[in-house]
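Asks: Sharing a model prediction with you, sequence too.
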Amino acid sequence: MAPSQPAHVNLSPAELSFLRSTLSQNPPIRLDHTKGPKDFRSMRAEYDVLPGANGSARIALEDGTEALVGVKAEVEKSQLKPVERLEILSFAGGDVDMDMDMDGAGNDDESSGKGQNSWIEMSVEIPGYRDDDSLPVFLASMLTESLLASGELKDRLYINRRFHWKLYVDILLLSPPLSYPLALLSMTTHLALLTTRLPALKSEKDEDPLFDDDWDASVNLYPKQKGKKKTGQSLERPPVIVLAMAVGSNIIFDPCKEELAVADAVLAIACAKGKSSSSGARLVSLRTIDPPSHLTPPGVPNSMNSATGGVAPTTSAEALTQRELLATSGVWTPPRGGMKRGLISEVVKMVVQSGGIADEVIDALEAIEVG
Amino acid sequence: MEYFSLKRSTAADQGQSNLSSKVYVRSTKSGKVQKIVREVYLRQDIPCSSNLCRACLEIAPTDYSQKVSPFVLSDTPAGSKKFPNGQYLVPDTNAFLTGMDLFELETAFHDVIVLQTVLEEVKNRSLPLYHRLIALTKNEGKRFYVFFNEFRQETFVTRDSGESINDRNDRAVRKAVQWYNQHIAAAVAAKSPLSKRIPSVAMITDDRDNLRKAKADGIPALTLSDFVSGLENADELLDMISAAQEQREVRSKKAEMFYSEHYSISKMMTGVKAGTLHQGIFNVSPYNYLEGSVHVPAFDKSLLILGRENSNRAVSGDVVVVEILPKDLWKTPSTKIIEEETVNKNDNAEADDGENVTSERERKALQEEVKRVHGQTAEGRPQPTARVVGIIKRNWRQYVGHIDRDSVRSTSKSSRQQQTVFLVPMDKRIPKIRIKTRQAGELLGQRVLATIDSWDRDSRYPVGHFVRSLGELESKGAETEALLLEWDVQYKPFPKTVLDCLPAEGHDWKVPASTDDPGWKNRKDLRDLLVCSIDPPGCVDIDDALHATKLPNGNFHVGVHIADVSHFVKPNNAMDKEASQRGTTVYLVDKRIDMLPMLLGTDLCSLKPYVERYAFSVLWEITPDADIVSANFTKSVIRSREAFSYEQAQIRIDDKSQQDDLTNGMRTLLMLSKKLKQKRMDAGALNLASPEVKVQTESETSDPVDVQTKRLLDTNSLVEEFMLLANISVAGKNYEAFPQTALLRRHAAPPKTNFEELGNQLKVKRGLELRTDSSKALADSLDKCVDANEPFFNTLVRIMATRCMMSAEYFSAGTQAFPEFRHYGLASEIYTHFTSPIRRYADLEAHRQLAAAIDYETLDPSLQVKSKLEGVCKNINVRHRNAQMAGRASIEYYVGQALKGKDIVEEGFIMKIFSNGFVVFVPRFGIESLIRLRDLATPEPDAEFDAENYVLNVKGEVNRSVELFEKVQVRITDEIEESTGKRKVKLTLV
């Protein structure tokens, strides 16, 4: 969907063709030949970099792309439906059972399903871009989508029927977008949310919220696991988006800029680890991304080049058929996009399976915070 | 890949140890919750402030004149048994909270180091105690030093993970004490290497854990009571430790609770915002200690709070949150007198096992109340009642009272055993206070000052502690001090900083002879005017003087000259601040507590006769019909020709043989004043009355010998009229110049409901109608309230009407709309106080504003800021009321003394009637007193109370009926009132 306009790769059709053929080998040879198809580029991460924010993180990739995310929480008054308002007023009178739950009895988690999408606001800032340019807008909407899709985060923001937290996630790319920064921003946001703390609530029920003024008493937005042994009961952690691309039948994760330039298709896969699934991750959302390879200039085969004795096609229809025939000849032709169903399901499987990519990434990010 | 971090704190250890940060959560009023990160820059130049230390003297920061502020702690601090080489004390927070009265002692507790950590904690826990602590640190003699340990690198501690704030603060205190000890030892060693006398720095704490840890680290530490035990008269001092602490430990095992729990702050706030709970100030009825009322903004009438359970540990004056009770619990306000000491006479202070919140007797009293209410029909509409659910702010102060004799187990003076006794406060609205003391025997029969420390759910009465004894009950000194304390009158001598503001010449100060002197700038020379002053006899602080001369055009030139106090008291200096605190001079029968130092009040400002004085003059041209042609304001110099008393002035005016210009001027003034008064009355000014009496005292001993009602002469009203005129003129001028910040005085029209009862009483008893739609109507109908047979009846009604009025108040012009400026009693559009700047702070402010309004000088910024002015108004309103109350209490005491041992039969009038008693007013002495049914005969006779006709039919032997407004003969004797220990006049029916 999102056109990744910045990735003007200065590679010649011959170089593109070479790169593509190495990537489609089995096993593929990546641009950084030391890495396998599932390997991520190395990165530096730290958290709590912004003392004034509720949570923050910074991740720098080895190619120099660097992102900073700050999370700020504010108490906001909830918009009440008329029915609820009546009920709350009668609560204040002190004679109504206070844990009345509209959704009926047996719901032990008071806040579940009460979160609203408007409680999370995200802004993405990329140097050199206006905030209404398509890249930051698309990135923000994809990141928001993944955060909201899991449903759990917004429920955590529920305080009581009258108040909720409003979360402002400010994402800042510190460097120019050297490669498509979605995965980087997502991981940084993940780390920031994981380390976000909210002041501890002291008031009860539907009272005006009152908080403990001791910051050390504040609680994590994503409560930590207690004891490593009970992994089965691991609590939900924020979703993370990984980028995968397909070249022929090969699947390559975390592609760099040059690799993207020869991708057949690019997928953004958002996953979360929930308490519901005991192992592996849960797919939250899936998007295809318009690969920059579409914009690369095609190579001109000798047969179509009059300078080398070929015959230039006279009509565009003729050119098209000729190109079709050339697809496997080794002359660079921008891929036409599209992805086979089988391939998609293979990617998804590789990501969400127990011990898969998502597990790896999420555990690695948590290890930063714990370590 | 090169690694760098954005974080500063992790890198802090590398060469940035002077930087730390503090993180906390701040909740703002608007409901925002913010994480706040404060960076703390640690310094090494915060001095220890001990005179033993030379090193700190060199590094200490200097002020603009390159001087180090003088060091506080003595180089030879007092020692004790445990620390023979002397000690500096470092109390922790709880030591201050529980022992503030101890630290304020003059005789002990010198050289105290107040740590910043502790100071901040005290501030968070109790603001009043914090202010007292700050006052202590400013008291040079006490040598209290605030050490900013959180900013000094060596004493700063970071909070460990998992450590509670309290533990961290305790550790900070220990760390500071440790550092101080090392520092002082090093300082002494550097000064004289052989010296053995190294003072210890000792921590004072009652926290066992803290003590244990201090011991482990080798830090000198001891408990407050251990330290006090080592001092002289330890028994008395130990009584002064707050009882709140021990109480908790001893009682924790008992589960019985007498009162319901208070709501959490957030619950109360939510309720108040939603309008289901209400916030207001809790007031207890002076006649019935079980009945309180809370005025809340949501309703016109106050909410009733009946019984101890419902008042739920609120003490009169507290800011409380109440919840309205269901309608079937609504009651009418009581018509019965219930006094604590008669109902709960036999409580045992020591044992509280068998205690109920409502004792059997109390319950009975309430039951009767309910019966009566239910028996009533039309007149007794039940009023909404409420229940206290929480307390926002305690307004506990120090209370004067005496020890209840019955609660003392052993009265032996030698016994040093600690016992719990009741202190019965002088103020009947305050409950008995339970006090632990080792000196019960000595305190019996004394006026005692005590405070309330806590009131837990499991205690029927609040728990407090002894502060000090004022002296024997009934002795003049103790009683005077008691009433000054009760009314919060600042009576200590003026501090040196205030006296430093006085002119250096002292009594020799004179108006400069040369008119070129800056003091003469813009001042009119009015020395040739024939000015005189008329005041009560013996008056020394003469605020005002007058003159009148005839002009060629037939009009009169009239001037009112007011002492120019603002010339001597400049805004914002120490004297001005003290005066604004005091607000007013307080007049007691035998004593005057001045707002300004004597030198100014009775000499330099006072418009004494025969000498030149600075004045602020208001000059009018007035027609013979007393219409004002023009008004002028100017600073001036005058020379008063004579200081008359009212009587002297009257005699001189009446003496036809006196035809000099001065006397004729006074006659003109008198003539004009009568016309002015008539005009005022026509406009609807009220002629109100209050029972004013004067106590005659023997000149030497100032023992009272006789009581007289004040006589009013024409000259009284002469002065009064012109003062009113001056005030009104000035008010107009100031308002014109400063429409936002002019300091004015208003008297709100009383709400109609205030007069309902009086109107009804007059209608029922005398068939008279009281019209209250305007002040004019009220004035007229009051004039008609006469009883041909009883000349005093009119005055009686006026006294009662006065009590229905609102009290007048100071305000700044910007806070009210113009129609609200009105002075109801004087029927004036606008009014201020201008004419008594020696004894009222409001007048002084008005002087400053007027001086600026006539471009004499620029206005001080403090008078231009609305919020500041509002603060001043609020304070002087309170002070003004307190001064009046203190004055009345003083007269009451002296009347009691004058009647001591006497037995007189006088006539009195019934003012108020209850179902079990009535109030009689005796005009001769200006006293009103309660006569209870049980005073009439023993056993208490039965009586039938007809509330609709205000008649009480007493049966039994007495067999007579008493009705409202009835004239009765009463026998006046004196007795010591058991509840307050005050000598009070006792009345019985004859």
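Replies: Received it, and whenever you're ready, just let me know what you need. Numbering: from 1, shown residues only, chains lettered A, B, ... in the order given.

Asks: Pretty sure B:Tyr587 sits against B:Gly887.
Replies: Yes. Here B:Tyr587 reaches B:Gly887: they are 5.4 Å apart, a contact under CB atoms under 8 Å. The way it works is simple: take the backbone N, C-alpha and C, and place the C-beta from them, glycine included.

Asks: What is the burial count for the residue lying closest to B:Gly917 once chain neighbours are set aside?
Replies: Leaving aside its chain neighbours, B:Gly917 sits nearest to B:Arg932 (4.0 Å; criterion: CB to CB, 6 or more residues apart in numbering or on different chains). B:Arg932 sits with 14 neighbouring residues when counted by other CB atoms under 10 Å in any protein chain shown.

Asks: Kindly provide the distance from B:Arg932 to chain A.
Replies: Note on B:Arg932: its distance to chain A, by CB to the nearest CB, to the nearest Å, is 41 Å.

Asks: so that residue touches B:Asn916, yeah?
Replies: Yes. Counting by CB under 8 Å, B:Arg932 does reach B:Asn916; the two are 6.3 Å apart.

Asks: And the residue of the stretch 101-250 of chain B found nearest chain A, its phi and psi?
Replies: In the stretch 101-250 of chain B, the residue that lies nearest chain A is B:Ile165 (5.9 Å; CB to the nearest CB). Phi and psi for B:Ile165, reported as degrees, to the nearest 10, are phi -60, psi -40.

Asks: what's around it, how many residues?
Replies: With other CB under 10 Å as criterion, B:Ile165 counts 14.

Asks: count of neighbours near B:Arg43?
Replies: Look at B:Arg43: counted by other CB under 10 Å, it has 14 neighbours.

Asks: Contact partners for it?
Replies: Residues near B:Arg43 by CB atoms under 8 Å, 6 or more residues apart in numbering or on different chains: B:18, B:151-153.

Asks: ok, and the most crowded of these?
Replies: Within the contacts of B:Arg43, most neighbours by other CB under 10 Å means B:Arg152, with 19 neighbours.

Asks: partners of A:Glu74 in the sheet?
Replies: Taking DSSP bridges as the rule, A:Glu74 bridges to A:Lys166.

Asks: That one contacts B:Val33, correct?
Replies: Yes. Using CB under 8 Å, A:Glu74 is in contact with B:Val33, at 7.2 Å.

Asks: Neighbour count for these two, which is higher?
Replies: Shown here are A:Glu74 and B:Val33; by other CB under 10 Å, B:Val33 has more neighbours (19 against 14).

Asks: roughly how far apart are that one and chain A?
Replies: B:Val33 is 5 Å from chain A, where distance means CB to the nearest CB.

Asks: And that residue, how far from A:Ala200?
Replies: According to CB to CB, to the nearest Å, B:Val33 stands 11 Å off from A:Ala200.

Asks: what do those two both touch?
Replies: Overlap of the contact sets of B:Val33 and A:Ala200 (by CB under 8 Å, 6+ apart) consists of A:Phe211.

Asks: how many neighbours does the closest residue to the residue of the stretch 101-250 of chain B closest to chain A other than its chain neighbours have?
Replies: Here the nearest residue to B:Ile165 in space, its sequence neighbours aside, is A:Asp214; by CB to CB, 6+ apart that works out to 5.9 Å. Per other CB under 10 Å, the neighbour tally for A:Asp214 reads 15.
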